[in-house]
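Asker: take a look and give me a structure for this.
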Amino acid sequence: MTLRDVFEAELERVGVAWCGGAGRYRSSHRRGFATAGTVHLDAKIGTRRSLYRGMHEIGHVVLGHTKRGRRRRWELEAEAEAWAQRRMQELGIELPDASVEAGRGYVARMRRWGNNSRA
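Answerer: Here you go, the predicted structure:
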């Protein structure tokens, strides 16, 4: 089973669609984002790093982060990071250390600087 197969199985398991780039949000698909019921990510999902990005976006959908609320964005990002890490570990897939560290840094910057911070 390839990493892409793992990703597609996870999408199916949680009932989430995958948009690989077509549509009005095309320029944002490279980084990835989530809307209600859909992960928008232009990636082949061939490395643990790209799988981690995809799992992070699935986490946003599963955790209900696509609905507007009063929670701070850094909290949502931290939860999606934790969900992705937990799920990959459950699947027996080694976490990509560089991605985990980048995620920690992103959450820390968002916490310090608010929603205007960039990865």
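Asker: residue ranges for the helices of the protein, please.
Answerer: With helices called from DSSP state H, the chain shows them at 3-14, 48-62, 73-90, 97-113.
Asker: determine which stretch of the ones you listed is the most buried.
Answerer: Mean neighbours per residue, mean count of other Cβ atoms under 10 Å, is largest over those for helix 48-62, with a mean of 23. Every residue, glycine included, has its C-beta placed from N, CA and C.
Asker: re earlier: turn the helices of the chain into TSV, including mean pLDDT.
Answerer: Formatted as TSV, those follow (pLDDT from 0 to 100):
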stretch	mean pLDDT
helix 3-14	97
helix 48-62	97
helix 73-90	96
helix 97-113	94
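Asker: okay, the ones you listed in a markdown table with distance to residue 40 next?
Answerer: Compiled in a markdown table, these are given as follows (distance: least, Cβ to Cβ, whole Å):
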| stretch | distance to residue 40 |
| --- | --- |
| helix 3-14 | 12 |
| helix 48-62 | 7 |
| helix 73-90 | 14 |
| helix 97-113 | 18 |
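Asker: residue 37 is nearest to which of the ones you listed?
Answerer: Closest to residue 37 of the helices of the chain is helix 48-62 (Cβ to Cβ; 6.5 Å).
Asker: now the angle from that closest one to helix 3-14?
Answerer: Calculated by axes from the mean of the first three to the mean of the last three Cα atoms, to 10 degrees, helix 48-62 forms an angle of 10 degrees with helix 3-14.
Asker: chain center to helix 48-62, what's the gap?
Answerer: Offset of helix 48-62 from its chain centre (Cα atoms, centre = their mean, to the nearest Å): 3 Å.
Asker: what packs against it?
Answerer: Under the contact definition 3 or more Cβ pairs under 8 Å, 6 or more residues apart in numbering; DSSP states H and E, helix 48-62 sits against helix 3-14, strand 33-35, strand 38-40, helix 73-90, helix 97-113.
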